[in-house]
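S.K.: Here you go, sequence then predicted model.
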Amino acid sequence: MEGTKIKGIYTSNGDYEEADAFVETTGSTGPMGNCIKYGNGCSMCILRCPSFGPRISISKCAGVEDLHGERLDGTYGAFSGSCKLAKDTIDKNLLHEIEEKGAVVLKVPEEDVNMDKLKAKVCQQYALKEFAQNVILLDTGHVKLMTSYYPLEKLRKIQGLENVKFIDPYSGGKGNSIRYLSIAPVSVDLKVNGIDNLFCGGEKSGLFVGHTEAICTGSLAGHNAVKCALNIPTLTLPTNTAIGDIISYATSKIHTKEGRKNRYTFAGAEFFNRMKEKGLYSIDREEIQNRIKNTGLSNIFNKKLV
């Protein structure tokens, strides 16, 4: 399929748009049928598939088969790792503590501890027994509940949460969205293998977890799409940078059975350990700036291409 190019795409309202290069960031979650098949049914999450329609894989429409993330038992996909609770349904004393401290840990009744749920989570850095034995609440504007889902009748047994309600997903008592069901095979410059002018970012480009990872891959995909349109060689970030290494590592791992069962993030789990081993983890800004400078990539995304 090398040499294939996308000439244009049809949008959901029927408009036809042509371009020299395309960037796909459609994500890997939904539509409803996948959440029913691989999850606990539609949880009425923030994607609102009934309102806005299903996710469409542009790369698959162009003839490239999607890859899939897997759970430990081989089932496709993984549950999104958290829910949001309505602040006005939480006991005032508990809410005050959450807002004052930023985070509160509440003990789960012994009879309600469910270790098996940890195997289905997207965020493997949180797949620890402590996240099954406790309810972790974070103040993120709403109150973030750090678990994929939690039966409402059991959640309301915990002191301070007797009248609590979910606001995302609405059915957070029974399930959550299923992710990693549509990943395009990409090269290290984030170009889709087999299509010369399509680039991917975010979860569409690999088994990445997190906003930072989405920003990094999306920035590189956009940068390289412009270079592609201008017939300039695309940028591959070297593996002595954290971003270059996570893209290279995840891109190779997704083609292995075990690799498809893992997720890759700067925030923890397997890749975080790799960062430390390779000396890529640092909170020293000057050290990081010098590392980028030594690769000749300082301000690389600020350079005008057009």
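M.R.: That came through, no problem. The shown structure was predicted, so the numbers you read here are calculated from the model rather than taken from an experiment.
S.K.: What count of nearby residues applies to residue 151?
M.R.: Look at residue 151: counted by other C-beta atoms under 10 Å, it has 13 neighbours. In short, each C-beta sits where N, CA and C put it, glycine included.
S.K.: In this structure it contacts residue 172, no?
M.R.: No: in this structure, residue 151 is not within contact of residue 172 by C-beta atoms under 8 Å, at 9.5 Å.
S.K.: How about the worst-scoring helix or strand of the chain on mean pLDDT, which residues are buried there?
M.R.: Taking mean pLDDT, DSSP states H and E as the measure, the chain has helix 130-133 as its least confident helix or strand, at a mean of 78. Across helix 130-133, burial judged by 16 or more other C-beta atoms under 10 Å covers 131, 132.
S.K.: which parts of stretch 253-262 are buried?
M.R.: Quick answer for stretch 253-262 (16+ other C-beta under 10 Å): 253, 254, 259, 260, 261, 262.
S.K.: now, among the residues you listed, which is nearest to residue 214?
M.R.: Distance to residue 214 across the buried residues of stretch 253-262 (C-beta to C-beta) is lowest for residue 254, with 16.4 Å.
S.K.: Now do the contacts for that closest one.
M.R.: Applying C-beta atoms under 8 Å, 6 or more residues apart in numbering, one finds that residue 254 lies in contact with 67, 183, 185, 206, 207, 260.
S.K.: all helices for this protein, in order.
M.R.: Counting by DSSP state H, the chain has helices at residues 32-38, 49-52, 58-61, 92-101, 130-133, 152-155, 211-229, 242-253, 269-278, 285-294.
S.K.: Now distance to residue 168 too, for those, in JSON lines please.
M.R.: Formatted as JSON lines, the helices of the chain follow (distance: least, C-beta to C-beta, whole Å):
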{"stretch": "helix 32-38", "distance to residue 168": "14"}
{"stretch": "helix 49-52", "distance to residue 168": "14"}
{"stretch": "helix 58-61", "distance to residue 168": "26"}
{"stretch": "helix 92-101", "distance to residue 168": "17"}
{"stretch": "helix 130-133", "distance to residue 168": "19"}
{"stretch": "helix 152-155", "distance to residue 168": "14"}
{"stretch": "helix 211-229", "distance to residue 168": "16"}
{"stretch": "helix 242-253", "distance to residue 168": "27"}
{"stretch": "helix 269-278", "distance to residue 168": "24"}
{"stretch": "helix 285-294", "distance to residue 168": "34"}
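S.K.: between those helices, which gets the lowest average pLDDT?
M.R.: With a mean of 78, helix 130-133 has the lowest mean pLDDT of those.
S.K.: and that one, what other elements does it pack with?
M.R.: In terms of contacts (3 or more C-beta pairs under 8 Å, 6 or more residues apart in numbering; DSSP states H and E), helix 130-133 is packed against no helix or strand at all.
S.K.: hang on, residue 204 packs against residue 28?
M.R.: Yes: between residue 204 and residue 28 there is a contact under C-beta under 8 Å: 6.2 Å.
S.K.: Give the residues shared as contacts by the two.
M.R.: Common neighbours of residue 204 and residue 28 (criterion: C-beta under 8 Å, 6+ apart): 182, 183.
S.K.: Could you list the low-confidence segments of this structure?
M.R.: Judged against pLDDT under 70, the low-scoring parts of the chain cover residues 1-3, 115-128.
S.K.: how much space between the residue nearest the centre of it and residue 153?
M.R.: In the chain, the centroid-proximal residue (C-alpha atoms, centre = their mean) is residue 209; its distance is 3.8 Å. Distance, residue 209 to residue 153, using C-beta to C-beta, to the nearest Å: 30 Å.
S.K.: give the contact list for the residue of the chain most remote from its centre.
M.R.: Distance from the centre of the chain peaks at residue 93, with 33.3 Å (C-alpha atoms, centre = their mean). Taking C-beta under 8 Å, 6+ apart, we find residue 93 in contact with residue 160.
S.K.: domain ranges for the chain?
M.R.: Following the assignment in automatic domain parsing, the chain carries domains at 19-34+186-302, 81-176.
S.K.: All the strands of the chain, in order from the start?
M.R.: 8-10, 16-18, 22-24, 78-79, 83-85, 103-107, 134-140, 142-145, 166-168, 178-179, 198-200 (DSSP state E).
S.K.: Of all the ones you listed, which one comes closest to residue 41?
M.R.: Closest of the strands of the chain to residue 41 is strand 178-179, at 10.1 Å (criterion: C-beta to C-beta).
S.K.: next one: the closest one to chain centre, how far?
M.R.: Per C-alpha atoms, centre = their mean, to the nearest Å, the displacement of strand 178-179 from the mean C-alpha position of its chain is 9 Å.
S.K.: How about residues contacting it?
M.R.: Contacts for strand 178-179 (C-beta under 8 Å, 6+ apart): 27-30, 34-35, 38-39, 69, 77-80, 122, 203.
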